[in-house]
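Asks: 3D model of this:
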Amino acid sequence: MQRGDGQVQRGDGQVQRVTSSSGDARPPAVDRLARSLADLGLPHPLLVDAAREAIAAGDASSARERAEAIALALLRPVVNATGVLLHTNLGRAPFGLALAPRSANLELDLSTGRRGSRNQRAGSLLARAMGAEAALVVNNGAAALLLVCAALAAGRDVLVSRGELVEIGGGFRVPEVLAGSGARLVEVGTTNRTRLSDYERAMPAADVGLVLKVHQSNYRIVGFTESTAVPALVGLGPPVVVDLGSGLLDTATPWLAGGPPGWLAGEPAARQTLEEGAALVTFSGDKLLGGPQAGIIAGRPDLVAACARHPLARALRPGGLVLQALQETALAYLRRDGDSIPFWRMATAPLAELRARAEVIAAKSGAEVVECSSAVGAGSVPGKELASAGVAVAGDRTVALRAFDPPVIARVRDRRTVCDLRSVHPDDDVLLADALAGIVGPREAAGDAGCR
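Replies: Here you go, the predicted model:
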């Protein structure tokens, strides 16, 4: 308890004298200290929290540092110079959506004036873009798989190859998702080899609700391997569900003027997987699709409808902002306008263009132009690199770059800080040059080591 003489009475009855860092007997008033931090732009209640913590610690001068730590912990835009295009820690696919502060016809049918379905727009457009009969949108990729298993196989068996029992980002594992859905996991085959006969042997002893094939995402099993393709699994009888993970819509990439890039070779796509006979596919919206965080379930209308009717569907549904962002993404695919999707613009930027940007930034900042190798990230096309270019400065400058406004997120390679331009939007080049100029002198060399 604070007393009038600048002392605090503790819970054990003892009196402890509290002094500020300046040596004053009385600590400063909380409100006055908080108001002295107003230039940080934080709401006053948060400044009060910082002031109280500083005074309680007996160091009023630490209030500003504590308030700055609060500001740093807030969600804010950053410049991704890591070279990882779908960086999970940075929100995966970058996406911008500017909306007027108005209501939207989220669940209103404008033609009839009656209540409509929030999934009618984004879901149907995505279905059209991938050649599916129907599609349903939920709030993330794991939710899509959870809902499918709950709606179609609760209390029944789901056959999965042992080589596909992957761990999803954040520590969620396929067996745990299945357990949460109420379905029973039946493992077939071995880690490296699973044949059709393995599935066939499991069928008589199981009450199979569906056969699940899971994309291995961020790892590969190589060497003495074998897996069973979708067309063969379809002959087993139960619906085949394929968790694609990365969300490529079509291997032909008709939205790219130059056709499919080489690094996409072998990546499964929704259109072709459905054409092979899969009953449903599931995938994330913020990976190769290039949209916001979401999960998509697409395929047979009766199965999609069963998922939509399940009680979990309401708990897992996304909000209007996500649906509008997905609608814009789907419209871009239907227009075959890959350049309007930030991920595809980054992934297909010509190397010569990246080098030219790097030279301009280097001239303004004193950094050095370097060759780089970018990664798609988020478990998509693992092990494949994209040739890139960037700039580098000597030493580890990542802390200083993160302190810039907006923060710049870079990587350290061979004792120097590298900023890969493939993951940096061209509009941010000036910001990056300013940040680098602030931490390196115009004559400071970046060293001779390579970027990789």
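Asks: what sits against the spatially most central residue of the chain?
Replies: With distances taken as CA atoms, centre = their mean, the residue of the chain nearest its centroid is Arg92 (3.0 Å). Residues near Arg92 by CB atoms under 8 Å, 6 or more residues apart in numbering: Leu86, Ser284, Asp286, Lys287, Gln293, Gly377, Ala378. The C-beta positions use only the backbone N, C-alpha and C, and glycine is treated the same way.
Asks: then Pro254?
Replies: Counted by CB under 8 Å, 6+ apart, Pro254 has contacts Arg336.
Asks: again, 10 Å this time
Replies: Ala129, Pro260, Arg271, Tyr333, Leu334, Arg336, Gly338 (CB atoms under 10 Å, 6 or more residues apart in numbering).
Asks: give me the buried subset of those residues.
Replies: Ala129, Pro260, Arg271, Tyr333, Gly338 (16 or more other CB atoms under 10 Å).
Asks: I figured the fourth one hits Leu289, correct?
Replies: Yes. Contact criterion CB atoms under 10 Å: Tyr333 and Leu289 qualify, at 8.5 Å.
Asks: who touches both of the two?
Replies: Each of Leu126, Ala129, Met130, Leu249, Ile341, Trp344 lies in contact with both Tyr333 and Leu289 under the rule CB under 10 Å, 6+ apart.
Asks: burial of the closest residue to the fifth one other than its chain neighbours, as a residue count?
Replies: Spelled out, that is Ile341. Distances taken as CB to CB, 6 or more residues apart in numbering place Gly290 nearest to Ile341, at 4.2 Å, with adjacent residues excluded. Neighbour count for Gly290, taken as other CB atoms under 10 Å: 28.
Asks: what backbone torsions are found at Gly290?
Replies: Backbone torsions for Gly290, taken as degrees, to the nearest 10, come to phi 80, psi 20.
Asks: quick thing: my sequence starts at 38, can you match it?
Replies: Let's use 38 as the start, then, which means that last one is Gly327.
Asks: just the pLDDT at it, thanks.
Replies: According to the prediction, Gly327 has pLDDT 96.
Asks: repeat that for Ala243.
Replies: So Ala243 comes in at 87 (pLDDT).
Asks: got a list of what it touches?
Replies: Arg193, Asp194, Val195, Leu196, Arg221, Val223, Val225, Tyr236, Pro275.
Asks: next, format those as TSV and append neighbour count, distance to Val407 and pLDDT.
Replies: As requested, these are exported to TSV (neighbours: other CB atoms under 10 Å; distance: CB to CB, whole Å; pLDDT from 0 to 100):
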residue	neighbour count	distance to Val407	pLDDT
Arg193	17	55	96
Asp194	21	53	96
Val195	24	48	97
Leu196	25	49	97
Arg221	18	53	96
Val223	20	51	95
Val225	23	48	95
Tyr236	24	49	94
Pro275	23	52	96
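Asks: for the residues you listed, which one is nearest Ala472?
Replies: Val195 (49.4 Å; CB to CB).
Asks: give me the phi and psi angles of the closest one.
Replies: Torsion angles, degrees, to the nearest 10, at Val195: phi -120, psi 120.
Asks: OK, contacts around the residue nearest to it when sequence neighbours are not counted?
Replies: Nearest residue to Val195 in three dimensions, chain neighbours excluded: Ala220, at 4.8 Å (CB to CB, 6+ apart). Ala220 makes contact with 183, 185-195, 214, 246-247, 249 under the criterion CB under 10 Å, 6+ apart.
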